[in-house]
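# Using only what follows, build the 3D model:
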Amino acid sequence: MSNEAATATTPAEAAPAPEPIPHGIGVSLPAADARAKTEGTFPYAADLWAEGLLWAAVLRSPHAHARIVSIDTSHARDMPGVRAVVTHEDVPGSPVHGRGKADRPVFASEVVRHHGEPIAAVAADHPDTARMAAAAVIVEYEVLDPVTDPEQAFEAEPLHPDGNLVRHIPLRHGDPDAVGEIVVEGLYRIGRQDPAPIGAEAGLAVPRPDGGVELYLASTDPHTDRDTAAACYGLEPERVKVVVTGVPGATADREDQGFQLPLGLLALKTQCPVKLTATREESFLGHVHRHPTLLRYRHHADTDGKLVKVEAQILLDAGAYADTSSEALAAAVGFACGPYVVPNAFIEGWAVRTNNPPSGHVRGEGAMQVCAAYEAQMDKLAKKLGVDPAELRLQNALATGDVLPTGQTVTCPAPVAELLQAVRDFPLPALPKDTPEDEWLLPGGPEGAGEPGAIRRGVGYGLGMVHMLGAEGADEVSTATVRVQDGIATVLCAAVETGQGFTTLARQIVQETLGIDEVHVAPVDTDQPPAGPGARGRHTWVSGGAVERAAKMVRTQLLQPLAHKFGMSTELLQITDGKITSYDGVLSTTVTEAMDGKELWATAQCRPHPTEPLDEAGQGDAFVGMAFCAIRAVVDVDIELGSVRVVELALAQDVGRILNPAQLEARIEAGVTQGVGIALTENLRTARGLIRHPDLTGYALPTALDAPEIRIVKLVEERDVVAPFGAKAASAVPVVTSPAAVASAVRAATGRPVNRLPIRPQAAVVTDR
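All right, here's what the predicted structure looks like:
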């Protein structure tokens, strides 16, 4: 037989086996919902539908402060197509609600305390009918003078039965008589930022046969929302179910309860499904914003640049209601000195009620405001001492084992000096004259009106820190169940995927622990045990820890029969790429064979070590853990126009352990870009308490054209031994640090103090050059 014939009759050689798809901890596993979101098929709350659907609309106050004389709903009720109108008189349970403190009415009854406060809600058979009916509710107001200056709130008449003071924290640490030879002072103002989620609030309420209601919401804390709704509806929590729909972005408390509560009331009253989709204006009026903050600082140092004492006064504008202002104030006071060693600190912190829009949890709350101030103080101190700003920061950098002004010892990794050295030593971007082939993008863009001769380049630094999880005794606990059957694993955990990547992380944990490729994460609802809110990296730590523990329990169930059969402990068996092998090679089988058709499952909880409230002197172990970041900013400033272009941000961050490299990089870049908006453009402006331009035209978010080059110079992987996997929160600390770094660079370019964020053009104009 010829070679040709032999070749012709021999079966084709099998193609090489494809490389196994990487999985488990440490790989860039793509998100399970990435394709659906890219194709536009991912179901968000605004996409929901039900048979017999009614539409809701909410009437909101046009005033920042007014007494309600009367409410007439008769015209609205008589309109064709209107099925129900509800006011404060129709709330069967608790008339007030609130995340941190229940002090906000479901509907205003006697007084409105902020622009956009809900007064009535309508359900109708068409959305236009609902809006027209809401507008037909006649409210007679006696307009009152609003209190919009938080400094005036101390002396003003009480705006709320609980008074105007939400919380006062006096922090006393060290020697009050200590002084330094070098003293610098500053007054700083931080504006009001809106979380501005890409998708506005929406939801669907469906009545249940048992007299309860199901709420389909983009909630980030479903069990708290369920309990609040049940209390306001006068129902047992078991008769209210919250089902989490797709969440279109969340850098704050995603769903304001002022949207949710009228929805369920209308469904209960009409016994029909009711849907509410907020306009962008309603979104701005309804949800909470970052606390506007006034900060006064005095730093003392010796002639060598060592910090001696920090004195500060911090005033947070809580807006009309308390919400989470107490927690934000604790973070602001606790981190008022930044990631520096300060032997003596005396801080006064207040959060007060005003008639401004309500403030609440927004990523990096409290820590972001003080970071802008203490970093400005470090720049002032360096200038007065005549030293390099980076060297001054290095000289005073915090490290593991040092003590915070709250008296808490830093036990977690704190590589602050290493981070700063990394960004300081990273090569600077080329000047435009060094790259003549590239178009020089002037501040204001390539079509800007600036002149190249008016451009000054500045380099500045920012060091920031945040705490992880809740603080001051918050019970941080999460529960997860892992179930395996037919080679497929399912994770049940009420941790909401808000874009932080929890569902991807949960899949990676189970893949790593059980060697199973196909892992699904079940949709979230309140029939599952609670997992808490998605904030401050808690789902990576607490919910991820619960998933890991449950998966390890299933692993033990899987391996115990094999270990018993071969007379060895389960610790001598390992699972890799779906195969179970023993240390000596005697045992080798697949996970599927070992399962033998059985169903295995386990439920576990994760609860970090407890914290304690700050005492009357601001002392206590209030924080579970901390994360740190260093950023070097390079900016070009047109000193005639005051326009600023961020050329580059070089970042080094303390991440503990990299769980998903691509996901981590995306989170960091998003946080940095959000911080650029805080530094330069984002400010929700008000006039006598009324929000001006509540839309995305008047509120200037940074776009892709505003995003600078972001260089991730170094990610320090020093694992926090008390955290599951050793990982730390990733996205909040860049948000906290980048505004301070940008402001520092603008100061370097202009010589101006830059004491307000966002930076106004007049603050960057140089007239005496």
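
# three-state assignment of Val352?
strand (DSSP: H, G, I helix; E, B strand; the rest coil).

# beta partners of it?
Leu165, Asp317 (DSSP bridges).

# Provide a list of residues in contact with it.
Shown in contact with Val352 (Cβ atoms under 8 Å, 6 or more residues apart in numbering): 150, 153-154, 164-166, 315-318. C-beta here means a position set from N, CA and C on the backbone, and glycine is covered the same way.

# who does Val58 bridge with?
Going by DSSP bridges, Val58 forms beta bridges with Ala121.

# who's in contact with it?
By Cβ under 8 Å, 6+ apart, the contact set of Val58 is 118, 120-122, 134, 258-259, 262, 276, 282.

# Okay, now the unreliable bits of the stretch 401-550 of the chain?
Applying pLDDT under 70 to the stretch 401-550 of the chain flags residues 432-441, 444-450.

# May I have the phi/psi pair for the most centrally placed residue in the chain?
The centre of the chain sits closest to Arg363, judged by Cα atoms, centre = their mean, with a distance of 3.3 Å. The phi/psi pair for Arg363 (degrees, to the nearest 10) reads phi -50, psi 120.

# give the contact list for Glu281.
694-695.

# Just the ones of the contacts of Val58 in helices?
134, 258-259, 262, 282 (DSSP state H).

# Now the residue lying closest to Ser569 once chain neighbours are set aside: which helix or strand?
Distances taken as Cβ to Cβ, 6 or more residues apart in numbering place Ala563 nearest to Ser569, at 5.8 Å, with adjacent residues excluded. Assessed by DSSP states H and E, Ala563 sits inside helix 544-566.

# Following element in sequence after that helix, please.
strand 573-576.

# same for the very next helix or strand once past that next one, what does it pack against?
Moving toward the C-terminus from strand 573-576, the next helix or strand (DSSP H and E) is strand 579-582. Helices and strands touching strand 579-582, as assessed by 3 or more Cβ pairs under 8 Å, 6 or more residues apart in numbering; DSSP states H and E, comprise helix 544-566, strand 573-576, strand 588-590, helix 591-595.

# just these: most buried one?
Mean neighbours per residue, mean count of other Cβ atoms under 10 Å, is largest over the helices and strands packed on strand 579-582 for helix 544-566, with a mean of 20.

# Show me what it is packed against.
strand 478-485, strand 488-493, helix 502-514, strand 573-576, strand 579-582, helix 591-595, strand 600-606.

# mind putting the ones you listed in a markdown table, distance to Ala727 included?
Below are these laid out as a markdown table (distance: least, Cβ to Cβ, whole Å):
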| stretch | distance to Ala727 |
| --- | --- |
| strand 478-485 | 15 |
| strand 488-493 | 17 |
| helix 502-514 | 9 |
| strand 573-576 | 22 |
| strand 579-582 | 27 |
| helix 591-595 | 26 |
| strand 600-606 | 13 |
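
# How about the contacts made by the closest residue in space to Leu48 that isn't next to it in sequence?
With sequence-adjacent residues excluded and distances taken as Cβ to Cβ, 6+ apart, Leu48 is closest to Leu204, at 4.3 Å. By Cβ under 8 Å, 6+ apart, the contact set of Leu204 is 45, 48-50, 53, 215-216, 263, 273-276.

# Am I right that Leu204 is in a helix?
No. Going by three-state DSSP, the assignment for Leu204 is strand, not a helix.

# residue ranges with poor pLDDT in this structure?
In the chain, residues with pLDDT under 70: 1-22, 248-255, 432-441, 444-450, 769.

# List the buried residues for stretch 526-539?
Buried residues in stretch 526-539, counted by 16 or more other Cβ atoms under 10 Å: 526, 528-539.

# Revised request: answer the last question for stretch 691-700.
In terms of neighbour count (16+ other Cβ under 10 Å), stretch 691-700 has its buried residues at 691, 694, 699.

# closest to Val288 among the residues you listed?
Ile691 (12.8 Å; Cβ to Cβ).

# Bridged to that closest one, which residues?
Applying DSSP bridges, one finds that Ile691 bridges with Thr686.

# Quick check: it touching His114?
No. In this structure, Ile691 is not within contact of His114 by Cβ atoms under 8 Å, at 9.3 Å.

# what touches both of the two?
Pro357.

# Buried subset of the contacts of Leu204, written for ChimeraX?
This is the ChimeraX syntax for the buried subset of those, where burial follows 16+ other Cβ under 10 Å:
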select :45,48,215,216,263,273,274,275,276
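
# List the ones among the contacts of Leu204 that fall in strands.
Counting by DSSP state E, those place 215-216, 274-276 in strands.

# Take the residues you listed and write them to TSV, including distance to Ala662.
Formatted as TSV, the ones in strands among the contacts of Leu204 follow (distance: Cβ to Cβ, whole Å):
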residue	distance to Ala662
Leu215	34
Tyr216	31
Val274	40
Lys275	36
Leu276	36
